[in-house]
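Visitor: kindly return the folded structure for what I paste below:
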Amino acid sequence: MSRRDSPRPRCQSCNLPSQLCMCAEIPRVETRTRFLVLQHLMEMGKKSNTGRVAVQALANARLLVHGALAEPLDTAVLSEPGTWLLYPDGPAAPADAPAPRQLVVLDGSWSQARKMTQRIPALRTLPRLVLPPPPPGLLKLREPTHPAGMSTLDAIARAVAVLEGPEAAAPLERLAALRVQRIAECGTLN
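Guide: Okay, the predicted model is just below:
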């Protein structure tokens, strides 16, 4: 295998090539809302995955993996009172509903997220937080396949802005922009 074909060493935490590691840049963000990131198994090793970085940044967050045969998903956590689903399709929760105490965020492609909502019945019963359309100029790696598409980290930052204010979301927004920049730099490394 030539030097060019050999895999570059990756940071075990942020999953970027070691020389682009952004772990020192990850802020610690306190929120009232607990975030439960439900990651599709196929997302775990992708350098473009932002769910794991979001969980590292959020003091009140937990990551669960869906699709691992050895560890079936314990859906009891989805039935906790005050649990909502961050999802762009379906009916939004009523405007007068109390804010969620826990927000479930699906981390995967649109196809994977849709399948998770179909295969995990508890997700279909949750009230939904539907975000407004993404702002123009939002940095992204590629065009989303869904009109409301954005990275998991961007979606969490926008949800924090809606639920807890723009000041609370600002460190996550900066982290999302840095992540896009670092992933773009991956393509320029020799």
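Visitor: quick one: average pLDDT of the biggest helix by length in the chain?
Guide: In the chain, with assignment by DSSP state H, the single longest helix is helix 166-186. Averaged across helix 166-186, pLDDT comes to 89.
Visitor: what packs against it?
Guide: helix 51-57, helix 152-164 (3 or more CB pairs under 8 Å, 6 or more residues apart in numbering; DSSP states H and E). Every C-beta, even on glycine, is put in place using the N, C-alpha and C of the backbone.
Visitor: kindly recompute the last result at 6 Å.
Guide: helix 152-164 (3 or more CB pairs under 6 Å, 6 or more residues apart in numbering; DSSP states H and E).
Visitor: now do the same contact list for the residue nearest the centre of the chain.
Guide: The chain has residue 152 as the residue nearest its centroid, 2.6 Å off, counting by CA atoms, centre = their mean. Listed by CB atoms under 6 Å, 6 or more residues apart in numbering, the contact set of residue 152 reads 50-51, 54, 107.
Visitor: now, of the residues you listed, which are buried?
Guide: Neighbour-count burial (16 or more other CB atoms under 10 Å) is assigned, among the contacts of residue 152, to 50-51, 54, 107.
Visitor: can I get those in a markdown table with distance to residue 26?
Guide: Listed next are those as a markdown table, based on distance: CB to CB, whole Å:
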| residue | distance to residue 26 |
| --- | --- |
| 50 | 11 |
| 51 | 13 |
| 54 | 9 |
| 107 | 16 |
